[in-house]
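Visitor: What shape does this take:
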Amino acid sequence: MTDDYLTTVLEEAEHVAERHDQVARTVDNQAHEYLRYAVLRILEGQADHLPTDWTPMDGITVGYGSDGAMFDSWGSSVDWWEIVPPQEACTRFRVFFSDDHQTVPCTIVDMMGALGAWRVWTGSAAACGSYDHRERREVHYLWPEGHPVEEVLHERLSGPAEAVAPDGGRTGDVRDRLVVDENAQSQDDLEPRTKRAVDEAMDVSLLSKGGRYEVQSASGNRYEVDVIDESCTCPDWQQRSPEGGCKHLRRVDHEIKRGRVPRPDGRLPAVAD
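Guide: Numbers count the residues shown, from 1 in each chain. Reported below is the predicted structural model:
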């Protein structure tokens, strides 16, 4: 059931991002804001996406905010903080429900469990200053910013970052390789040896899928560069293996990142310079 609830939260958060993006226009962490607003809409029965076997509960009201901001407002008048002190970079959900329930309803427990939040307080709403909710109960959950579910939502909204594998597939362990970093530097920001390699007359072409390129220098010499193994057949690389690569490795890397040659798996560049 938890997986169904997580799917529901993500689907509703996507809907919020598309239809109600104003809720996150003034915040830095938009994914966090979309997700907590999605939880509010689901628990209050206002969501466009609900589990297939969902049974709405009447009378659930959700409030949320920064835990630190809530402490600043109520720290001197309520006893929440005696159990768990205010937590930095956390959202505190306050979920109100009818006092007909002596324990927290399963619907709330399952939803917050799917989000990855943890319970920190349960009690009478009136007893902690919630006078608009007399004769009701409330439960508090904490949910940290930077939770992995935010990244899941981010990937659903924008698509996962691609990493190039020698066989043309995707793999996480090569994502940090220089040759697949698509955040190309401007010409002025290049390291001096790379800038000289970029400025020198060379022709670069893909020899074969798997990251093998041919570089023809202005003198007519041809060298083979393997960007996956980070090697080159030129004398400089064979004899010294300079840190950061020879000029041919640097030039091929630059051409890939600028979208001027096919990527190591043979795919055409998404954007040509």
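
Visitor: use CA for all of it now, contacts and neighbours both
Guide: OK.

Visitor: if you average pLDDT over whichever strand or helix holds H32, what comes out?
Guide: Element membership for H32, per DSSP states H and E: helix 30-43. Averaging pLDDT along helix 30-43 gives 93.

Visitor: One more: stretch 242-256?
Guide: 89.

Visitor: The most centrally placed residue in the chain: what's it in contact with?
Guide: Taking Cα atoms, centre = their mean, the centroid of the chain lies closest to E151, which sits 2.9 Å from it. Applying Cα atoms under 8 Å, 6 or more residues apart in numbering, we find E151 in contact with A31.

Visitor: after the helix or strand harbouring it comes which helix or strand?
Guide: Applying DSSP H and E as the criterion places E151 in helix 148-158. Sequence order places helix 192-199 as the next helix or strand after helix 148-158, per DSSP H and E.

Visitor: re earlier: can you name the element that comes right after the helix holding H32?
Guide: Following helix 30-43 in sequence, per DSSP H and E, is strand 61-66.

Visitor: Tell me the neighbouring strands of that following strand, and mark each as parallel or antiparallel.
Guide: In the sheet, strand 61-66 lines up against strand 90-98 (antiparallel) (DSSP bridges).

Visitor: List the buried residues of the strand it pairs with.
Guide: Residues C90, T91, R92, F93, R94, V95, F96, F97, S98 are the ones in strand 90-98 that count as buried (16 or more other Cα atoms under 10 Å).

Visitor: Poorly predicted segments of this structure, please.
Guide: Within the chain, the segments meeting pLDDT under 70 span 1-2, 51, 127-134, 159-189, 268-273.

Visitor: one more time with 80
Guide: The model of the chain has pLDDT under 80 over residues 1-3, 49-58, 74-80, 125-135, 159-190, 208-210, 218-219, 259, 265-273.

Visitor: looking at this structure, which residue ends up farthest from its center?
Guide: S219 (46.8 Å).

Visitor: how distant is stretch 139-153 from the center of its chain?
Guide: Taking Cα atoms, centre = their mean, to the nearest Å, one finds the center of stretch 139-153 at 12 Å from the center of the full chain.

Visitor: The closest residue in space to V198 that isn't next to it in sequence: what's it in contact with?
Guide: Closest residue in space to V198, ignoring its immediate chain neighbours: R251 at 5.6 Å, by Cα to Cα, 6 or more residues apart in numbering. By Cα under 8 Å, 6+ apart, the residues touching R251 are T194, A197, V198.
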